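Asks: sequence and predicted structure, then a few things I'm wondering about:
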Amino acid sequence: MPATPSDFNVEHSYQRLPADLFASCRPTPVAAPQWLAFNQPLAIELGLPEQFWATETGLQLFSGNALPAWCQPMAQAYAGHQFANYVPRLGDGRALLLAEIINSTGQRFDLQLKGAGPTPFSRGGDGRSPLGPVIREYLLSEAMHALGVPTTRALAAVSSGETVYRDDPLPGAILCRVAKSHIRIGTFQYVASLGDQHQLAEFADYVIARHYPHCAAQPQPYLALLDAIIAAQAATVAHWMSLGFIHGVMNTDNMTISGETIDYGPCAFMEAYDEKTVFSAIDRRGRYAYGNQPAIALWNLTRLAETLLSLLHATQPEAIQLATTALENFGLLYRDAYLQRMAAKLGITAPEPDDQQLIDDVLQLMQQDQTDFSQFFRLLSQQDPAAAGELFGDKANWQSWFARWQARVDQQALTSSQTSGQRQLAMQQLNPALIPRNHLVQQAIAQATEHGDLSLFNELKHAWQQPFVSKPEYQAFSQPATAAERVNRTFCGT
Ligand code: AMP
Ligand code: MG
């Protein structure tokens, strides 16, 4: 039986790049792999042959115990600024890229195992992952996809039957992650640090061909590439902000060139609205707080632009000028994307500059009254939007804001043919009834880790596939954590 059905299209284009950019490396087999989850809809999207689905052959593949011939595993090299400190050589220390799959519509996807054993980049780490981070990434990345945010995906999760040692002994697990690519800002930093102009150009050409082919025809392809990456990240971060998502560790090695959200470490969704919200236990100064995310994205993109200077212009002052202009555009793109998304959450389809004030004022009111961000927008999307007032203690200020909002959407109804029912439906498509609330994620992790009980994991995985639909059976999942349930700290747990 052929290992690769003829219509299954696999390539290893990254391995045609200079050898400095990766290291071939095989997974280390695990003792007793068992299935945790398999994402069949994603497998169909990828065109992955059925023999590798939730089968014994699939288990061998996704545990790294027996790879089919179409896999050529390797670890990618990258550098990165971690909490603003430059680390010249990070790389995949616990991840292995198996193959690039090209699906029936011609889209290319990386297939990566996370937690499959040490690599030349492990720097003393074990290359493994506990079960908790695998569950978190599976739940969060699939929920983000369902929420419409560009993100890496989770194709499969298996337990290893082995113990990994962190502060405590923990059950081990392996995740199979899918991404448009795993190329990060940190990859550009690494390539640029090698100091070979031809290699840098070759790499940038590869990225253009893979992610932004329209740039090749531009008068200045590398400047167009910088512009495209800036636009992609501005859009993604605006999307995060509109949902209350806090990435938690926006190091330059955790920001993709494609604009996909990657590395679901200490991430969480904000509940009570507060710009300063931080969940990550290691982020003591709040560098990656909710409200800092746009500024950090720009900081990271500035690091990216620095790596491209020599490609932008032969003389440095001119190159810096071009990069600066490109970076200045980030603010405009971000503010516009944010205004569009936040206005749409309020039911405003064609926002005007004044609408920013309406948005800011309700956010300020939410901050003052510690209103649950997601619940507010969902309640405002219901048939009786005034019911959202129950979330505010300051009734006078709420009433005056609500009257302004009502007037704004009434005025819109006059000039468009939209009924209030249509507006509510549109708002419900943007304001989720269900977000991955942190206490639920933590409960699922605790049940799986302590009791081997996957029932809550499975239930949440299912519930979060349709976050915009209110279902009575998931009413409890829509509620913010009670004081007793609240989890204010998350850990990378790597
Ligand atoms: P992260 O914080 O997940 O973005 O990881 C930062 C760096 O640490 C990357 O180079 C990872 O590959 C590496 N790393 C994280 N956990 C491990 C581990 N258990 N073993 C080896 N390397 C690791
Ligand atoms: Mg990372």
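Replies: Cool, got the structure. Ligands and ions are numbered 1, 2, ... in the order given.
Asks: what parts of this protein come near ligand 2?
Replies: 254, 263 (C-beta under 5 Å from the ion). The C-beta positions use only the backbone N, C-alpha and C, and glycine is treated the same way.
Asks: 8 Å - rerun?
Replies: 80, 90, 184, 249, 251, 253-254, 262-263, 265 (C-beta under 8 Å from the ion).
Asks: quick check on those residues: which are buried?
Replies: Among those, those classed as buried by 16 or more other C-beta atoms under 10 Å are 80, 90, 184, 249, 251, 253-254, 262-263, 265.
Asks: can I get these in a markdown table with pLDDT?
Replies: As requested, these are exported to a markdown table (pLDDT from 0 to 100):
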| residue | pLDDT |
| --- | --- |
| 80 | 98 |
| 90 | 98 |
| 184 | 98 |
| 249 | 97 |
| 251 | 98 |
| 253 | 98 |
| 254 | 98 |
| 262 | 98 |
| 263 | 97 |
| 265 | 94 |
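Asks: among those, name the ones in strands.
Replies: residue 80 (DSSP state E).
Asks: what's the closest of the buried ones among the residues of the chain next to ligand 2 to residue 221?
Replies: Nearest to residue 221 out of those is residue 184 (C-beta to C-beta; 20.2 Å).
Asks: I'd guessed that closest one sits against residue 260; true?
Replies: No: contact criterion C-beta atoms under 8 Å: residue 184 and residue 260 do not qualify, at 10.2 Å.
Asks: what residues of the lengthiest helix in the chain count as buried?
Replies: In the chain, with assignment by DSSP state H, the single longest helix is helix 316-345. Applying a neighbour-count criterion of 16+ other C-beta under 10 Å, one finds 319, 322-323, 326-327, 330, 333-334, 337-345 buried in helix 316-345.
Asks: give the contact list for residue 440.
Replies: 456, 460, 477 (C-beta atoms under 8 Å, 6 or more residues apart in numbering).
Asks: switch those over to a markdown table; also include neighbour count and distance to residue 7.
Replies: Below are the contacts of residue 440 laid out as a markdown table (neighbours: other C-beta atoms under 10 Å; distance: C-beta to C-beta, whole Å):
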| residue | neighbour count | distance to residue 7 |
| --- | --- | --- |
| 456 | 17 | 38 |
| 460 | 24 | 34 |
| 477 | 18 | 39 |
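Asks: closest to residue 239 out of the buried ones among the residues of the chain next to ligand 2?
Replies: residue 262 (14.1 Å).
Asks: on that earlier part again, and the longest helix of the chain, how far out from the chain middle?
Replies: From the chain centre to the centre of helix 316-345 is a distance of 20 Å (C-alpha atoms, centre = their mean, to the nearest Å).
Asks: next SSE downstream of that helix?
Replies: Next in sequence after helix 316-345, counting helices and strands by DSSP states H and E, comes helix 355-369.
Asks: pull the distance from that next one to the chain's centre.
Replies: For helix 355-369, the distance to the chain centre is 26 Å (C-alpha atoms, centre = their mean).
Asks: now swap in stretch 450-470 and tell me
Replies: Using C-alpha atoms, centre = their mean, the offset of stretch 450-470 from its chain centre is 19 Å.
Asks: and that stretch, how far apart are its ends?
Replies: 31 Å (C-alpha to C-alpha, to the nearest Å).
Asks: go through it and flag the buried ones.
Replies: Quick answer for stretch 450-470 (16+ other C-beta under 10 Å): 454, 456-457, 460-461, 463-464, 467-468.
Asks: if you look at those residues, which of them are in helices?
Replies: Those of the buried residues of stretch 450-470 lying in helices (DSSP H): 456-457, 460-461, 463.
Asks: of those, which pair is most distant in space?
Replies: Taking C-beta to C-beta, no two of these sit farther apart than 457 and 463, at 11.0 Å.
Asks: residue 54 is in contact with residue 35, isn't it?
Replies: Yes: the pair residue 54 and residue 35 qualifies as a contact (C-beta under 8 Å) at a distance of 6.0 Å.
Asks: show me what the spatially most central residue of the chain is bridged to.
Replies: Central residue of the chain (C-alpha atoms, centre = their mean): residue 261, 2.3 Å from the mean position. Beta bridges link residue 261 to residue 151, judged by DSSP bridges.
Asks: gap between it and ligand 1?
Replies: Relative to ligand 1, residue 261 is positioned 13 Å away (C-beta to the nearest ligand atom, to the nearest Å).
Asks: give me the pLDDT for the nearest residue to residue 456 once chain neighbours are set aside.
Replies: Spatial nearest neighbour of residue 456, excluding adjacent residues (C-beta to C-beta, 6 or more residues apart in numbering): residue 444 at 4.3 Å. Listed pLDDT for residue 444 reads 98.
Asks: now do residue 423
Replies: Predicted confidence (pLDDT) for residue 423: 97.
Asks: return the member of the ones in helices among the buried residues of stretch 450-470 nearest to ligand 1.
Replies: Comparing these against ligand 1 with C-beta to the nearest ligand atom places residue 457 closest, at 20.9 Å.
Asks: count of residues packed around the residue nearest to that closest one when sequence neighbours are not counted?
Replies: Among residues not flanking residue 457 along the chain, residue 444 sits closest, at 4.4 Å (C-beta to C-beta, 6+ apart). When neighbours are counted by other C-beta atoms under 10 Å, residue 444 registers 25.
Asks: phi and psi next, for residue 36.
Replies: phi -110, psi -40 (degrees, to the nearest 10).
Asks: check residue 73 too.
Replies: According to degrees, to the nearest 10, residue 73 has phi -70, psi 140.
Asks: need the contact list for it.
Replies: 24-27, 64, 67, 96-98, 113.
Asks: just those: which are in strands?
Replies: Per DSSP E, the subset of the contacts of residue 73 in strands is 24, 96-98, 113.
Asks: how about the strands in the chain?
Replies: With DSSP E as the criterion, the chain has strands spanning 9-11, 22-24, 34-38, 74-76, 80-82, 85-87, 95-102, 108-114, 129-130, 153-165, 169-179, 245-246, 268-269.
Asks: dump those strands to TSV, plus distance to ligand 1.
Replies: What follows is those, written out as TSV (distance: least, C-beta to the nearest ligand atom, whole Å):
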stretch	distance to ligand 1
strand 9-11	24
strand 22-24	12
strand 34-38	18
strand 74-76	8
strand 80-82	7
strand 85-87	8
strand 95-102	6
strand 108-114	9
strand 129-130	7
strand 153-165	8
strand 169-179	10
strand 245-246	15
strand 268-269	16
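Asks: which among those strands is found nearest to residue 145?
Replies: The nearest among these, by C-beta to C-beta, is strand 153-165 at 6.0 Å.
Asks: what about the closest residue to residue 78 other than its chain neighbours, neighbour count?
Replies: Using C-beta to C-beta, 6+ apart and skipping the chain neighbours, the partner closest in space to residue 78 is residue 186 (4.0 Å). Residue 186: 30 surrounding residues under other C-beta under 10 Å.
Asks: just checking, residue 186 touches residue 253?
Replies: Yes: under the criterion of C-beta under 8 Å, residue 186 makes contact with residue 253 at 3.3 Å.
Asks: any common contacting residues for those two?
Replies: By C-beta under 8 Å, 6+ apart, the residues touching both residue 186 and residue 253 are 78-81, 90.
Asks: please parse this protein into its domains.
Replies: 9-182, 186-343, 346-428 (automatic domain parsing).
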